[in-house]
Structures are given as structure tokens and as C-alpha cells.
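**Q** When you get a sec, could you give me coordinates for this:
(chains A and B)
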2 protein chains.
Amino acid sequence: MKKLLFIYFFLIGVFIIYVYNYHLQISRSSSFDQENQTLQGKIDEKYVMVTFQSGMDYWKNGLKGFEDAAQALNVSVEYRGATQYDVNEQVTVLEQVIAKKPAGIAISAIDPNKLTETINKAVEQGIPVVLFDSGALSSKAFSFLGTNNYNAGVTAAHKMAELLGKRGKVAVITLPSQLNHQQRTKGFVETIYKEYPEMEVVAVKDGKGDSLASKQAALEIFKQYPDLEGIFATEANGGVGIGEAVSLLAKETKIKVISFDTDKRTLDMVKQGIISATLAQGTWNMGYWSLQFLFHLHHKLTSSLPSGSSLLPSYVDTGITVVTKENVDSFYAK
Amino acid sequence: MKKLLFIYFFLIGVFIIYVYNYHLQISRSSSFDQENQTLQGKIDEKYVMVTFQSGMDYWKNGLKGFEDAAQALNVSVEYRGATQYDVNEQVTVLEQVIAKKPAGIAISAIDPNKLTETINKAVEQGIPVVLFDSGALSSKAFSFLGTNNYNAGVTAAHKMAELLGKRGKVAVITLPSQLNHQQRTKGFVETIYKEYPEMEVVAVKDGKGDSLASKQAALEIFKQYPDLEGIFATEANGGVGIGEAVSLLAKETKIKVISFDTDKRTLDMVKQGIISATLAQGTWNMGYWSLQFLFHLHHKLTSSLPSGSSLLPSYVDTGITVVTKENVDSFYAK
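**A** Residues are numbered from 1 along each chain as shown, chains lettered A, B, ... in the order given. Take a look at the predicted model:
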């Protein structure tokens, strides 16, 4: 009987400890949740990335950044895009995305103006939107994350000067219809003019964003300027076309080519030494920080700001990395 | 006896449930920790913000952003700085901070060149460094977060045009010895020249960053151009000085003043209608995203990037907000 009574009291004690512990756990986990609340979302919280020509290799790294941020923040992502280079298709895709009321949208705008209305519609419905890679300046999107194209041209000019020992004739093959390519060209031309008095930009030609047209344009420039020493392509197809044109020349003609972006054909030509350098954009950073920004807007984490002030940085320059034979291997898509 | 036996079995049952629950809690919390690993630091992980004239009101919002990010990421921060406007003192402070091997340093450089060596020393020792507000262009710091001063001048020009109905004579009082003030002036002057043909910048004067000197400069301009309609101050002391000068004029002379930053004296003058608008910098964003960037570097969260590529966006434009009578109240420091 005494034994039973002892067990009885022992179990009562355990029961009290249990109840006490249970409450402790509850209060601990709820305070833990509170502390974490800010940078942990819910798995059914969906953020959407919208592009155009959505099958392009170019978007892979940006999407990887977007996904990496989603994993860190414990939220979900979806990838959507116009399959073609078609503004109407992208508007339709964006309308469909808005209809699903996602937690946020990161969009690369195929056209700086024609998407503004649809972007504003999303913002007015309370869906946070940021732009990446290609902006829409007059829209109500909260931020733009992309390459400073003028500075990219400046970087190309300095690299070209380094390759040529700061002297010689150079040319540019570009896509003059697009603003970003105009800016890359301007940064290149102005830097050569201002900082390298023994260098000269003798020609700027339209490569139409096409490797065949760019090859043709390069061959024409070679004919007109047999003493040309360098050529800068402001986009990847142009770089490949120029690479093919250069390969047709006599071996002793060593024209240096600087290209843009890191698709497989470009990287292969860098590896072979046909292209001396290519400029890698910070696409992972575009995707990663786009999602971080959207998450901060969705969770109203900028609430200590004065009302009426800009909630996010207006512009993020995601930077440029010069890719050469030395570091080309790490740039192939994994 | 039966009753006791019943209680006995009941308590045994509770004990089993308790043990079971305990194990469940343990396993849950450990998997939770794993998922959170990426964006939760340790409380003994210390990040340091370093400024100059460290007592200034101006830094308060940036520090608040730095602290808010620290709370969200569960890390610690420390605030250090040169008490004076003295580059040698800031170098000494930075050396002391480096000696303690913090998890990261966000610094606003008093001089674009003279801190480079010490900043590089930190980076070479493996301490992540980002610059905010005032950069050091040639240093090895990973990023710069601050106002695009040229664009701030552009914003001031558009606001001035709006205030004056796109016509009239205007002037600038600035601090021509500092690069950021040169850029603000340039953005303002070029925008008026290019976009507002019926407006004219008739004078640009040195206000020496001092309210008395700026007041004097403003009075001289008023004398020389009695039909002046607007004046832009590129820094806060200048704005206060101009405000005082304007207050001396006859009531029917309604010169519009646009100033910079949001110290108490400036906000008071906005409230009284002496200053029509002032430009608030995104200082909270500078602090918040500086800490986020440092955290990402310290925890190597950019590891999926190709080796050799830039780990962080090279530049973040933290934006400008126009503060007027309508929204001035929310800008007073809390």
C-alpha cells in the first residue's frame, strides 16, 4: 500500500512536470515563431517569375537565383513566360498570372512601354511587382534589378584596351533598335574616345541580333579596315557571328573579339580562344534579390519607413564579370 | 483499491504520452532548424556599422535599417564611428573594428581614397565589407549602396519645374568641393537646360556646407536677380540658410526652396512652408540591405554562382523620396 502510494505520488509529479513542460514548449515555440516570422514564409506562398522567349538558356541562372531565395525563405516559385519574342503573348501570360493572385511577380519586360498598363494593374490589386533584366521605366513596379548597360560598355572598352596594349582600330556590332544595346555601344565608344587617345572606333554596324547578319557585317568591316584589331559585340548572337568571321581570316590576323553573355556557343568560342572575353551579367543576383524584394513587400517588412517613402531601392546594378579562358569553365550551365 | 489502480494506469498512460511527445518535439525542432539555417545567424555573430561625425541625426535611419535586418536575421550589431569629420580618426576606428574580427563591416567612407587601404586589409583578412552612403570606388569592398546623386538632382529639377509652372529663373547653392554635390548640381542644371526651355539656372554658388555662408550666398543672388523664383540647396545646412534668407524678404516674394535630407530644422521649415520640398535619401534601405549583403557573404549564400563572378550586385541605388508639407510628419525621427 505504501509502495502504491509512492508510485501514485511519483506519477502525479510526472504529470505536473508534463503539463508544465507542455506549456513551456508552447510558449517557447510561439516566441520562436515570432522571431522568425520576418524571414520565413509559407510554402503555399507563391512568387512568379515572368520572362519572354522563356526557353532561352539566358534565363536559367536568374531562375536559379529566384529558386535559391525561395528555398532560403521557405516559399514557392513558379516560372512562366511568353514562348516567343511577342509582346502580346507576354501581356496575356501576365494577365493569367495576375488572375491567380500570387504573393509577388518578378518580370522582365519585352517592351519598356507596352507592359506598363498590365504591370500597374497588378500593383493596384496589391500584388508586389519588381522588374529585372529589362525594365519598364514608367510603370508602378517597386524596383528594377539589372545590368547598367552603359557601364558594361565601359568595362568592355577597358578590357579591349588591355588586350590591344591601348592602341589600334576597333569596331562595334550591335542592335541599334534596342535601348540596352545603344547604351552598351555608347559606354564603349565614349570610353575609348576619352581614355585611349591611340585607339579609334572606326565603325558601328547593325548585326540585327543574328549571327549570320553579324558575320556578314564583320566581314564588311574587315574588308574596309584591313588593319582592324578588335571588335565588340553587344549581344551573344553577334559575338558568335563575328567569331565565325574571324575564323575565316588568315591565322596571322589576330583580331580580338569581346562578346556579351554566356550561352554555350559563346563559352565554347572563349575556350577555343576565338573570343577573347565575354561579359557575364549578374543574372543569379537579379533572380535572388528580386525574390527577396518581393518577399519583403509581401510581408510588409519595410514598415519602419516613413509612410510615402520608397519601400525598396529604386535600382540595383547587378554587375558585370569578365569571362576569359582562365575562368570560362565555371560559367557553363550546371 | 480499484480507484487507485485506475489512477495508476491513467498516470502511466500520461507518462508514455509525455515521453512520446518529448521525442516528437525534439525531432521537429531539429528539422526546423535545418530548414532555417540559411537565413538565421547566431546572436554572437556581430556586424559593425562604421560612420563619421557619428553623432549626426543623419545616420539614425540607416542604423535603424541595420538593426531591423539584424533582428530579422537573428544576429548582433554594433555602431562605431569617428566622432569628428576626420579621416585619420575613421581609419583608426576601422583598424580597431578589424582587430575584433567581426562577421562583417558596413562603412560610409569619409574620403573616397584614403580609406581604401584599410578597407582592403579587412577584405584580405576575410571580413566582408560593403560601402554605404559614401563610397570608395577603387576599394575591394563588395558593393556600394547609396543615392544616385545625379538622379537626385534630376528629381529636384522636375519638382522645381512643377512648383514654378515650368518657367522662371532658378539658382543652386552647393558644396562644389564634394563629388556627390557636384553630381546633384549637374543633374539639376542639365535637366532644367534640356527639358524646361522656359526655365534658366542663373547662378550656382558655394554655400560651404554652412547655413550662415549659404544665407549670405542666397542674399547675394536675390540682389543680383530680383526676379529669381526658385533655389535648390544640395545639402541640409544650405537649405536652412536659404530658408532664413527667404524669410527676410517681403511677403509677396514667393521664392520656392528645395532642400536635401530630413534633419529636424529642415522638416520644421517644410512644415512652416518656408522650404517647399526636401529630398529624403533611402537611408533605412542603405542600412537594411547592407546587413543583408554582409550576412549573405559571411554565410557564403551565393555559393551557386560561378567562381570568379561578382558575389553581390555592384551598386544599389537606394532612391529618393520628395518630402512636402503633405507627408512631412512621418519623416520626423521617432
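
**Q** all contacts plus neighbour counts: C-alpha atoms, from now on.
**A** Noted.

**Q** Tell me how chain A divides into domains.
**A** A:46-147+A:283-301, A:149-281+A:325-331 (automatic domain parsing).

**Q** pLDDT of the longest one, averaged?
**A** By that I understand domain A:149-281+A:325-331. For domain A:149-281+A:325-331, mean pLDDT rounds to 95.

**Q** Just the endpoints, please. Distance across it?
**A** 20 Å (Cα to Cα, to the nearest Å).

**Q** What parts of chain A come near chain B?
**A** A:7-8, A:11-12, A:14-15, A:18, A:35-36, A:38-40, A:72-74, A:282, A:284-285, A:305-321, A:327, A:330-331 (Cα under 8 Å from any Cα of the partner chain).

**Q** Any chance of a ChimeraX selection covering the buried ones in those?
**A** Remark: buried members of the residues of chain A next to chain B, expressed as a ChimeraX selection using 16 or more other Cα atoms under 10 Å in any protein chain shown:
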select /A:8,11,12,14,15,18,36,38,39,40,72,73,74,282,284,285,305,306,309,310,311,312,313,314,315,316,317,318,319,320,321,331
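
**Q** Which of the residues of chain A next to chain B fall in strands?
**A** A:315-317, A:320-321 (DSSP state E).

**Q** For the closest residue to A:Ile7 other than its chain neighbours, which residues are in contact?
**A** Of all residues not flanking A:Ile7 in the chain, B:Tyr8 sits nearest, at 7.7 Å (Cα to Cα, 6 or more residues apart in numbering or on different chains). By Cα atoms under 8 Å, 6 or more residues apart in numbering or on different chains, B:Tyr8 lies in contact with A:7-8, A:11.

**Q** Are we agreed that A:Gly55 is in a strand?
**A** No - counting by DSSP: H, G, I helix; E, B strand; the rest coil, A:Gly55 is not found in a strand; it is coil.

**Q** so how far is A:Gly282 from it?
**A** On the measure of Cα to Cα, A:Gly55 and A:Gly282 end up 19 Å apart.

**Q** likewise A:Leu248?
**A** Taking Cα to Cα, one finds A:Leu248 at 33 Å from A:Gly282.

**Q** same question, A:Gly187
**A** Taking Cα to Cα, one finds A:Gly187 at 18 Å from A:Gly282.

**Q** what's the answer for A:His296, then?
**A** Taken as Cα to Cα, the span from A:His296 to A:Gly282 is 21 Å.

**Q** Check A:Lys300 too.
**A** A:Lys300 is 27 Å from A:Gly282, by Cα to Cα.

**Q** check contacts around the residue nearest to A:Lys114 when sequence neighbours are not counted.
**A** Excluding its sequence neighbours, the residue lying closest to A:Lys114 (Cα to Cα, 6+ apart) is A:Val87, at 7.3 Å. The contact partners of A:Val87, by Cα under 8 Å, 6+ apart, come to A:110-111, A:114-115.

**Q** and what of A:Ser290?
**A** A:66, A:106, A:130-132, A:145.

**Q** circling back: out of the contacts of A:Val87, name the ones that lie in strands.
**A** Per DSSP E, the contacts of A:Val87 never map to strands.

**Q** Tell me the buried residues within those residues.
**A** Using 16+ other Cα under 10 Å, the buried members of these are A:110, A:114-115.

**Q** List just the nearest of these to B:Tyr193.
**A** Nearest to B:Tyr193, judged by Cα to Cα, of the buried ones among the contacts of A:Val87 is A:Lys114 at 29.3 Å.

**Q** Against chain B, how distant is that closest one?
**A** Plainly put, A:Lys114 is 24 Å away from chain B if you go by Cα to the nearest Cα, to the nearest Å.

**Q** State the pLDDT value of that residue.
**A** Per-residue confidence at A:Lys114 stands at 92 (pLDDT).

**Q** In the stretch 151-300 of chain A, which residue sits nearest chain B?
**A** A:Asn285 (6.5 Å; Cα to the nearest Cα).

**Q** in chain A, which spans are helices?
**A** Secondary structure of chain A by DSSP state H: the helices cover A:2-37, A:60-73, A:87-99, A:116-124, A:149-164, A:179-195, A:211-224, A:236-247, A:264-272, A:283-298.
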